[in-house]
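1. okay, structure incoming, though there's no sequence with it:
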């Protein structure tokens, strides 16, 4: 992160916004997970199949900050349950947790958090992009869900190798492992909104937002590596923001993989406001 990038993050983020995001982060996993109490920390344990969750600061905890011993107790429980050893939190909301997780042996990764606040318009959709919001029974659902898998398998913002030729096989895997069915259920329940940019009927970029009351997070926006540098990610993000605004969402935010990605979202009108931290064993990345 350069000095210019650091300067873009407020030295004292808006306290009300931080609390709003904190409540959101606590609420989102609860639709598919149980919560185990570890004093200053909460462990979210997914119930049923799907992407595993993590531990994070306990919402509203008023006691002493988490120590390395608290972190180790959670790590022991994650090992017992066969879960990833992972913690996620917002640095500016819980600044003391980083030292505790590092003392417990985890490595911390920083990701810019950006927000589009209540008074900000949705970004414009770049011309030429054919973008739609998918229903749970859309024939292209599995293909659209497969796109970010291929995108994140070849990280970065430059044009890459993976393209349409790999999409069908990945979509079959997404359907076979139950992901498409789970997402279809979340779409029907209003918990997830999926949008994709198409060319010739084939999705080239896809992403989602997951609303909880007046707040939503744009997540998982990924473009087929061979189709990058065409504004498709911005088009999908704009469609998701427009959908969120049309359905009463006040605050839209996202976590960028790195500063290169954050710059793209800043051009779309998002502003930096905090830093998301993810702690994992060093060998996981």
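-> Noted; the coordinates are in hand. Just so it is clear, the model here is predicted, and its values are computed rather than measured.

2. quick one: the helices in the chain?
-> 3-8, 15-27, 68-81, 97-103, 141-152, 167-176, 179-188, 232-246, 259-267 (DSSP state H).

3. nearest to residue 281, of the ones you listed?
-> Among the helices of the chain, the nearest to residue 281 by Cβ to Cβ is helix 68-81 (9.1 Å). Where C-beta positions appear, they are placed from N, C-alpha and C, glycine not excepted.

4. what comes up buried for that closest one?
-> Of the residues in helix 68-81, those buried by neighbour count under the rule 16 or more other Cβ atoms under 10 Å are 70, 71, 73, 74, 75, 78.

5. give me every residue that touches the first one.
-> When contacts are counted by Cβ atoms under 8 Å, 6 or more residues apart in numbering, residue 70 is found next to 38, 39, 40, 41, 100.

6. and it, what's its pLDDT?
-> At residue 70, the model reports a pLDDT of 98.

7. again with the fourth one
-> As predicted, residue 74 sits at a pLDDT of 98.

8. for it, which non-adjacent residue is closest in space?
-> Residue nearest to residue 74 in three dimensions, not counting chain neighbours: residue 55, with 4.7 Å by Cβ to Cβ, 6 or more residues apart in numbering.

9. and the one you found, how far is that from residue 107?
-> Distance from residue 55 to residue 107, counting by Cβ to Cβ, to the nearest Å: 15 Å.

10. looking at the two, which one has more neighbours?
-> residue 55 (28 against 14; other Cβ atoms under 10 Å).

11. any idea how far the more buried one lies from residue 254?
-> 22 Å.

12. which residues sit against stretch 206-220?
-> Contacts for stretch 206-220 (Cβ under 8 Å, 6+ apart): 20-21, 23-24, 27-28, 144-145, 147-148, 186, 190-197, 221-222, 233, 236-237, 240-241, 243-244, 247-255.

13. can you flag the buried ones in the residues you listed?
-> The neighbour-count criterion (16+ other Cβ under 10 Å) marks 20-21, 24, 28, 144-145, 147-148, 186, 191-197, 221-222, 233, 236-237, 240-241, 243-244, 249, 251-255 among the contacts of stretch 206-220 as buried.

14. okay, the one residue sitting closest to the centre of the chain: pLDDT?
-> Closest to where the C-alpha atoms of the chain average out (Cα atoms, centre = their mean) is residue 219, at 3.8 Å. The model reports residue 219 with a pLDDT of 95.

15. do residue 51 as well
-> 82.

16. now residue 146
-> pLDDT, residue 146: 96.

17. which residues touch it?
-> 167, 170, 171, 173, 174.

18. now those in CSV, with distance to residue 279?
-> Shown next, in CSV, are these (distance: Cβ to Cβ, whole Å):
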residue, distance to residue 279
167, 33
170, 29
171, 32
173, 29
174, 28
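
19. among these, who's most crowded?
-> Neighbour-wise, these (other Cβ under 10 Å) top out at residue 171, 23 neighbours.

20. mind listing what it touches?
-> 142, 143, 145, 146.
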